[in-house]
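K.L.:
Here is my input; please provide its structure:
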Amino acid sequence: MLKKIILFLTLFLTTNAIIVSAYAVENTRPLIYIDPGHGGYDGGCVSLNKDIIEKNVTLRISLLVKEHLQTLGYRVKLTRDTDKALGNTKKLDIYNRVDLINESGAVLYLCIHANSFTDSKIKGAQTFYNPTNEINKQLAVAMLDKVRSLDETNTRVAKSMTGKYLLDHVIVPGCLIEVGFITNIDDLNNLTNEAYIDNLAMLISISINEVYKGN
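P.N.:
Okay, the predicted model is just below:
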């Protein structure tokens, strides 16, 4: 009987040691925070035919980015992983997003949005960054360089931006990407094409990995 008890305790302690060790290893992996723009009552911009809403585009791409980053060995958190807002006002929503990222211990963050314009000819993905941190610019430039490979007509450049609450107040290095204009038919077709957005998410993830490794 004593032997059985000793065997049981040995197995119990060994199993728990493995679990604790796996948990410790998991939590040493670098964390990337992804912020899918809008959500819930705040749909963001809409396509010309009103069928496609920004909040759905940003969430789908964010979930794909999460998958690719996890494949690369990162932990990933999202400010939202369903169609919801993070506050009952837009101001509270953005405050909560900033707090989640700042309190997370993340090494990098990315805010994902889609664009719109009154002139339907305007198109192309673009990145924006707060100039107070050089890594912000590195990520914005590297990401746009890769994303532009999906559209040879895109001549946009990474742009410095201040006056946007999230970019100004997140202390974690990162940037914002506008993945395209859903008011442009070419961009809209791309952003509703699963193969295209998977490639887009992959390139976004590769650029995040390169900038993190480089710093």
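K.L.:
Name the spans of the protein whose pLDDT lies under the cut-off.
P.N.:
Low-confidence segments of the chain (pLDDT under 70): 1-26.
K.L.:
Find the residue at the geometric middle of it.
P.N.:
When Cα atoms, centre = their mean is applied to the chain, the residue found nearest the centroid is Ile34 (2.9 Å).
K.L.:
Kindly state the beta-bridge partners for the nearest residue to Ser62 once chain neighbours are set aside.
P.N.:
Leaving out its chain neighbours, the residue that sits closest to Ser62 by Cβ to Cβ, 6 or more residues apart in numbering is Pro36, at 3.9 Å. Every residue, glycine included, has its C-beta placed from N, CA and C. Assessed by DSSP bridges, Pro36 has beta-bridge partners Ile112.
K.L.:
Correct me if wrong: Pro36 contacts Val76.
P.N.:
No: using Cβ atoms under 8 Å, Pro36 makes no contact with Val76, being 11.9 Å away.
K.L.:
These two: who's more crowded?
P.N.:
Pro36 (28 against 22; other Cβ atoms under 10 Å).
K.L.:
In contact with the residue nearest to the centre of the chain, which residues?
P.N.:
62, 65-66, 76-79, 109-110, 112 (Cβ atoms under 8 Å, 6 or more residues apart in numbering).
K.L.:
at 10 Å instead, please
P.N.:
If you count contacts by Cβ atoms under 10 Å, 6 or more residues apart in numbering, Ile34 has them with 58-59, 61-63, 65-66, 69, 76-81, 101, 106, 108-112, 174, 204-205, 208.
K.L.:
can you give me the offset of the helix or strand harbouring Gln138 from its chain's centre?
P.N.:
For Gln138, the enclosing helix or strand under DSSP states H and E is helix 134-147. Chain-centre distance of helix 134-147: 14 Å, with Cα atoms, centre = their mean, to the nearest Å.
K.L.:
downstream neighbour of that helix in the secondary structure list?
P.N.:
strand 159-160.
K.L.:
Show me what the helix or strand that that next one is followed by is packed against.
P.N.:
Going down the chain from strand 159-160, the next helix or strand is helix 165-169, by DSSP H and E. Here helix 165-169 touches helix 90-102, strand 108-115, strand 174-181, going by 3 or more Cβ pairs under 10 Å, 6 or more residues apart in numbering; DSSP states H and E.
K.L.:
Redo these as JSON lines? Include mean neighbour count and distance to Asp198.
P.N.:
Formatted as JSON lines, the helices and strands packed on helix 165-169 follow (neighbours: other Cβ atoms under 10 Å; distance: least, Cβ to Cβ, whole Å):
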{"stretch": "helix 90-102", "mean neighbour count": "17", "distance to Asp198": "25"}
{"stretch": "strand 108-115", "mean neighbour count": "25", "distance to Asp198": "14"}
{"stretch": "strand 174-181", "mean neighbour count": "27", "distance to Asp198": "13"}
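K.L.:
Looking at these, spot the one closest to Ile52.
P.N.:
Evaluated with Cβ to Cβ, those place strand 108-115 nearest to Ile52, the distance being 8.7 Å.
K.L.:
In PDB, could you pull the C-alpha coordinates for the following helix or strand past the closest one?
P.N.:
Counting by DSSP H and E, the next helix or strand C-terminal to strand 108-115 is strand 126-129. Only the C-alpha atoms of strand 126-129 are listed here, as PDB (Å, rounded to 0.1, in the frame of the first residue of the first chain):
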ATOM      1  CA  GLN A 126      -0.900  52.800 -45.300                       C
ATOM      2  CA  THR A 127       0.800  52.700 -41.900                       C
ATOM      3  CA  PHE A 128       0.900  55.500 -39.300                       C
ATOM      4  CA  TYR A 129       3.200  55.900 -36.300                       C
END
